[in-house]
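A.B. asks: A predicted structure for the sequence below; I have some questions about it.
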Amino acid sequence: MLPSDVMSYAYISSSLSTLSLQNLMFPLVPPDPPPVVMQLFQNFSMLYSTNDMINFMDNVSRAPFKTQQKLAAVYFTKKLENIVQFIDVPSNLYRKQHKATLLSNGNKMAFHWLLALPNGGLGQKMTNEEFRLMTSMRCLRKIIPNQEACPTCSGTFDVYGLHALNCGHKSYRHERALDGLFSVCSIAGRHPIRNAPVQIFGVDSRGIQHLYRPGDIQIDGIDFPKMLVDITVVSPFCTNAPAVFTVGQAAQQAEDKKMEKYFVDCRATQYDFQPFAADIFGESSTQFLFRL
C-alpha cells in the first residue's frame, strides 16, 4: 500500500466520521460537510461508483460505521480490477494463474501468514530463501531465470514457480494441512486423534455398499460425542475446474462433495462429521474453525 493510496480515501473518511460525531455532540450545528470534503467525495464516487456509494451519498452527513474500511474496500477492489485487466504474461495459462493469485491474495486466510511473528516453538518459521520465494510468487515475480524439469515429477517447473502449486505430489500438501489442523485442534483442547481407525458403512454414487474411513482427525464432538474431520487440498486449475476463477469456489465445492458423501452415514453411526477444504492459494472454509 502506497501513501497515495491512503490519501485517496483516508481524509474523506476521517472528515465524515468526525462530522458524524459532531452531529451527535452538537445537534444544533449545521450537519453539512465542508464543500472541499463534498467535492473530494463526489470525485471518489465518480471513479468508484457502486450501489453502496450511491446510498452513502444520500446520507453523507451521517457517516456509516467503519467508514474508512468501506471506502478502502471500494478503492482497492477497483484497483485490483484494473491490475487484473492488464496482466502482461506470455501465455493464457500464466494469465489465468496470475489472475487467480492476485484475486486470492486479498483473502484473510491467504495473507495472515505474513502477519505471524517467527516462533520456532510453534513451528512458525522459514528460511530467508523460503520467504523470498513465497513473497516473489505472491508478487508474480520470476523466481528462476529459465524453466527447468521438475525434480519431483515429470512436469516442467516454470519461471514463476506456479508449477509447485499443481505438482502431482498432492499428498505432501494434504499432510501439511493435516499437521496444521491437528495443532489447532490440540490447542483448542479437543483431544485430536490423527488417522483414527474409524470406518463407516455407506453406499457410493453407484449404489454399492462400502466401508469408508472419512476421518483424517477425530476430535471431541459438538452435537455428538465424537467428530470426524476430513481434510482436502484442491486446485482450482484441475481439468474439470470452471472456466472462470472464483475465489474460494474450489474449496467450497470440495466441502460440499464430502458432506454429500459422508455426513448422513456418519451421523447414522453416532459420529458428527465436518469437512475442511483448502485450495492451493490458502483459501479455506472458516466454518469449522469458527465451530472450534
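C.D. replies: Nice, I can see it. Numbering: from 1, shown residues only.
A.B. asks: need the strands for the stretch 1-150 of the chain, in chain order.
C.D. replies: Counting by DSSP state E, counting those that start in this stretch, the stretch 1-150 of the chain has strands at residues 148-149.
A.B. asks: low-confidence ranges in it?
C.D. replies: 1-2, 31, 47-65, 84-94, 106, 108-109 (pLDDT under 70).
A.B. asks: which residues of it fall in helices?
C.D. replies: Counting by DSSP state H, counting those that start in this stretch, the segments of the stretch 1-150 of the chain that form helices are 3-7, 10-25, 35-47, 51-58, 67-85, 92-105, 108-111, 128-138.
A.B. asks: now those helices in a markdown table, with distance to Gly248 and mean neighbour count?
C.D. replies: Any C-beta I mention is one placed from the backbone N, CA and C, and that applies to glycine too. Output for the helices of the stretch 1-150 of the chain, formatted as a markdown table (distance: least, C-beta to C-beta, whole Å; neighbours: other C-beta atoms under 10 Å):
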| stretch | distance to Gly248 | mean neighbour count |
| --- | --- | --- |
| helix 3-7 | 25 | 10 |
| helix 10-25 | 28 | 16 |
| helix 35-47 | 28 | 15 |
| helix 51-58 | 21 | 13 |
| helix 67-85 | 16 | 15 |
| helix 92-105 | 8 | 18 |
| helix 108-111 | 9 | 16 |
| helix 128-138 | 18 | 13 |
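A.B. asks: looking at those, which is closest to Pro225?
C.D. replies: Closest of those to Pro225 is helix 108-111, at 29.6 Å (criterion: C-beta to C-beta).
A.B. asks: before we move on, the earlier item: please name whichever of the helices of the stretch 1-150 of the chain is nearest to Met227.
C.D. replies: helix 108-111 (21.3 Å).
A.B. asks: Asn119 and Lys125 touch, don't they?
C.D. replies: Yes - here Asn119 reaches Lys125: they are 6.9 Å apart, a contact under C-beta atoms under 8 Å.
A.B. asks: more neighbours, the two?
C.D. replies: A direct count of neighbours by other C-beta atoms under 10 Å for Asn119 and Lys125 places Lys125 higher, at 13 against 9.
A.B. asks: that older thread, out of the helices of the stretch 1-150 of the chain, flag the one nearest Pro151.
C.D. replies: By C-beta to C-beta (comparing all of the helices of the stretch 1-150 of the chain), the closest turns out to be helix 128-138, at 14.7 Å.
A.B. asks: what does that closest one contact?
C.D. replies: Here helix 128-138 makes contact (C-beta atoms under 8 Å, 6 or more residues apart in numbering) with 101, 105, 126, 142-143, 160-162.
A.B. asks: let's see it at 10 Å
C.D. replies: The list of residues contacting helix 128-138 from outside it, by C-beta atoms under 10 Å, 6 or more residues apart in numbering, reads 101-102, 104-105, 110-111, 113-114, 118, 125-127, 141-144, 160-162, 164-165, 281.
A.B. asks: and Met259, what does it touch?
C.D. replies: Met259 touches 230, 266, 273-275, counting by C-beta under 10 Å, 6+ apart.
A.B. asks: distance from the chain centre to the one helix or strand it maps to, please.
C.D. replies: Following DSSP states H and E, one finds Met259 within helix 249-268. In this view, helix 249-268 has its centroid 20 Å away from the chain centroid, taken as C-alpha atoms, centre = their mean, to the nearest Å.
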